[in-house]
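In: no sequence for this one, just the structure:
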Ligand SMILES: [Zn+2]
């Protein structure tokens, strides 16, 4: 691959170990890797002029349900709490098939990319009408993001006292078999991987204790990561106490669900002992502030987690509970919510951006090669034009989250231009949006 030079950035926020900020600086990229940063670099390859731009590591999204972009703002779920919201949406999701999974994933991935995201996880836990994880992996390949899909699952349906309808659950044998299939087919353990698969039962209340344990054993056998929802709100804690006789952190620990190969979404209700457990075991957290606000779940103790040394990344969560998938917006919301809880000095704009970049990479097990701009790291880069109206008058455009913009000018993933001047280079966004709207209309007529 030819060289690519990002030249003369207003500021490069490296997010490296000393958080260097370089003014008027260049970034030289070759074969998908950053090979140099500094002033006055040259190349015989392509040059991207970044004057008037702030350059950051690509943002990392650690929790999403891409398929939900097809069920944004569904009237019956707009004002419901978590469990009621799920019961409204399950019947709609049960009408999905491969085409819905593929198109909705493309929309979600494109939305993330425009907001600066270069690497995202996805949590797909229902497989109706022939849908497979393969559908979303194909979508990510076309959009061009680094992708960590997780093979989710639900096995306790309504007739067994669970929340989801029986039509959306699978047998635990079939779930484990398909986990093995998708890992063997798609998981790439090598450095610079574009696809890494994880295992992710939906939540402790939608699968059995056995499946949680078996999933952990399988993940360790295969060398892949584990993910689920944990301690999301008060109902979640009450369910855990009533059904498992312990808090979610203890349940996770009992089942082998702690360690640096595990990350849990939400963790709004972790107590001090659980925060210590996560810090000690290097267990990661996907903080999803907009979803937590949207569903009234509460404010996650991110300040306490960070102070204790917990690895925290950000997640936009599913588009049905947000309803946007703008990751830079999520970083701003992270900063604002910690300030609501603890005062204006609780979190700086730069710290929130750090969580969104190197924090997320660490949570997904990629902290050694993504999430920072430094030589030897993968060339995942977001370029933000700070000459527009959102930044006009800003005394510190590098404090991106305080002013703007909220969309990238350019996005580079593994050294390849995905977005140039605000538009996708290869991916046909307009056609995808049109297809998505047709599918949404068709679904609304069927339920
Ligand atoms: Zn979620």
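Out: Looks like it came in fine. Everything numeric in this text was worked out from a predicted model, so none of it was measured.

In: Show the pLDDT at residue 204.
Out: On pLDDT, residue 204 comes in at 83.

In: right, and it touches residue 248 too?
Out: Yes: with contact defined as Cβ atoms under 8 Å, residue 204 reaches residue 248; the gap is 6.7 Å. Where you see a C-beta, it was placed from the backbone N, CA and C, and this is true even at glycine.

In: quick one: which of these two has more around it?
Out: The neighbour count for residue 204 versus residue 248, taken as other Cβ atoms under 10 Å, is higher for residue 248 (28 against 23).

In: ok, the more buried one - contacts?
Out: 204, 230-231, 236-237, 240, 269-270, 274 (Cβ atoms under 8 Å, 6 or more residues apart in numbering).

In: before we move on, what about residue 150?
Out: With contacts taken as Cβ under 8 Å, 6+ apart, residue 150 has the following neighbours: 121-124, 197-200, 225, 227.

In: out of those, who has the most neighbours?
Out: Sorting the contacts of residue 150 by how many neighbours each has (other Cβ under 10 Å) puts residue 227 first, at 31 neighbours.

In: Now the element after whatever helix or strand that one lives in, going C-ward?
Out: Secondary structure here is read from DSSP states H and E; on that basis residue 227 sits in strand 225-230. Downstream of strand 225-230, the first helix or strand assigned by DSSP H and E is helix 234-244.

In: Would you check which pair of the contacts of residue 150 lies furthest apart?
Out: Maximum pairwise distance in the contacts of residue 150, criterion Cβ to Cβ, is 14.9 Å, between 124 and 225.

In: who wins for neighbours among the contacts of residue 248?
Out: With neighbours set by other Cβ under 10 Å, the maximum within the contacts of residue 248 is found at residue 230, which has 28 neighbours.

In: can you pull up the bridge partners for the nearest residue to that one once chain neighbours are set aside?
Out: Nearest residue to residue 230, sequence neighbours excluded (Cβ to Cβ, 6 or more residues apart in numbering): residue 264, at 3.8 Å. According to DSSP bridges, the residues that bridge with residue 264 are residue 228, residue 285.

In: all numbers from here: first residue = 58
Out: Renumbered: residue one is now 58, and that last one reads residue 321.

In: Which pLDDT value goes with residue 321?
Out: The predicted structure scores residue 321 at 98 on the pLDDT scale.

In: Contact partners for it?
Out: Residues in contact with residue 321 (Cβ under 8 Å, 6+ apart) are 284-288, 309, 314, 340-343.

In: and if you look at residue 152?
Out: For residue 152, the residues meeting the contact criterion (Cβ under 8 Å, 6+ apart) are 185-186, 500, 503-504.

In: Help me confirm that it is found in a strand?
Out: No: counting by DSSP: H, G, I helix; E, B strand; the rest coil, residue 152 is not found in a strand; it is coil.

In: Against residue 501, how distant is it?
Out: 10 Å (Cβ to Cβ, to the nearest Å).

In: and of the contacts of residue 321, the nearest to residue 274?
Out: Distances from residue 274 to the contacts of residue 321, taken as Cβ to Cβ, are shortest for residue 314 (11.2 Å).

In: Tell me the helices and strands packed up against the lowest-mean-pLDDT helix or strand in the chain.
Out: Averaged element by element with mean pLDDT, DSSP states H and E, the chain has its least confident helix or strand at helix 139-150 (a mean of 86). Helices and strands touching helix 139-150, by 3 or more Cβ pairs under 8 Å, 6 or more residues apart in numbering; DSSP states H and E, are helix 291-301.

In: And the contacts of the helix it packs on?
Out: By Cβ under 8 Å, 6+ apart, the residues outside helix 291-301 that reach it are 138-140, 260-262, 266, 286-288, 303-305, 308, 326, 355.

In: Now do the same for residue 58: its pLDDT.
Out: We have a pLDDT of 67 for residue 58.

In: Just name the closest of the contacts of residue 321 to residue 397, please.
Out: Distance ranking of the contacts of residue 321 against residue 397, using Cβ to Cβ, places residue 342 first at 18.7 Å.

In: quick one: the closest one and residue 372 touch, right?
Out: No: using Cβ under 8 Å as the test, residue 342 is too far from residue 372 to be in contact (9.3 Å).

In: Pull the contacting residues for residue 287.
Out: With contacts taken as Cβ under 8 Å, 6+ apart, residue 287 has the following neighbours: 260-261, 293, 305-306, 309, 321-324.

In: Can you tell me, leaving aside adjacent residues, what's nearest to residue 150?
Out: Of all residues not flanking residue 150 in the chain, residue 183 sits nearest, at 5.8 Å (Cβ to Cβ, 6+ apart).

In: Provide a list of residues in contact with that neighbour.
Out: Applying Cβ under 8 Å, 6+ apart, we find residue 183 in contact with 124, 150-151, 153, 209, 211, 221, 225.

In: so where's this structure uncertain?
Out: Filtered on pLDDT under 70, the chain yields the residue ranges 58.

In: can you pull out the helices in it?
Out: If you assign secondary structure with DSSP state H, the helices in the chain sit at 139-150, 155-171, 190-200, 229-243, 266-279, 291-301, 305-311, 329-338, 346-351, 359-365, 384-399, 406-411, 417-420, 486-503.

In: Could you single out the most deeply buried of the ones you listed?
Out: Scoring these by mean neighbour count under mean count of other Cβ atoms under 10 Å gives helix 417-420 as the most buried, with a mean of 30.

In: picking up where we left off before, want to throw the helices of the chain into JSON lines with distance to residue 120?
Out: Formatted as JSON lines, the helices of the chain follow (distance: least, Cβ to Cβ, whole Å):
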{"stretch": "helix 139-150", "distance to residue 120": "15"}
{"stretch": "helix 155-171", "distance to residue 120": "12"}
{"stretch": "helix 190-200", "distance to residue 120": "14"}
{"stretch": "helix 229-243", "distance to residue 120": "19"}
{"stretch": "helix 266-279", "distance to residue 120": "17"}
{"stretch": "helix 291-301", "distance to residue 120": "15"}
{"stretch": "helix 305-311", "distance to residue 120": "16"}
{"stretch": "helix 329-338", "distance to residue 120": "15"}
{"stretch": "helix 346-351", "distance to residue 120": "8"}
{"stretch": "helix 359-365", "distance to residue 120": "14"}
{"stretch": "helix 384-399", "distance to residue 120": "10"}
{"stretch": "helix 406-411", "distance to residue 120": "16"}
{"stretch": "helix 417-420", "distance to residue 120": "9"}
{"stretch": "helix 486-503", "distance to residue 120": "21"}
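
In: if we can go back for a sec, so how far is the strand holding residue 284 off the chain centroid?
Out: Here strand 282-287 shows a centroid-to-chain-centroid distance of 12 Å under the convention Cα atoms, centre = their mean, to the nearest Å.
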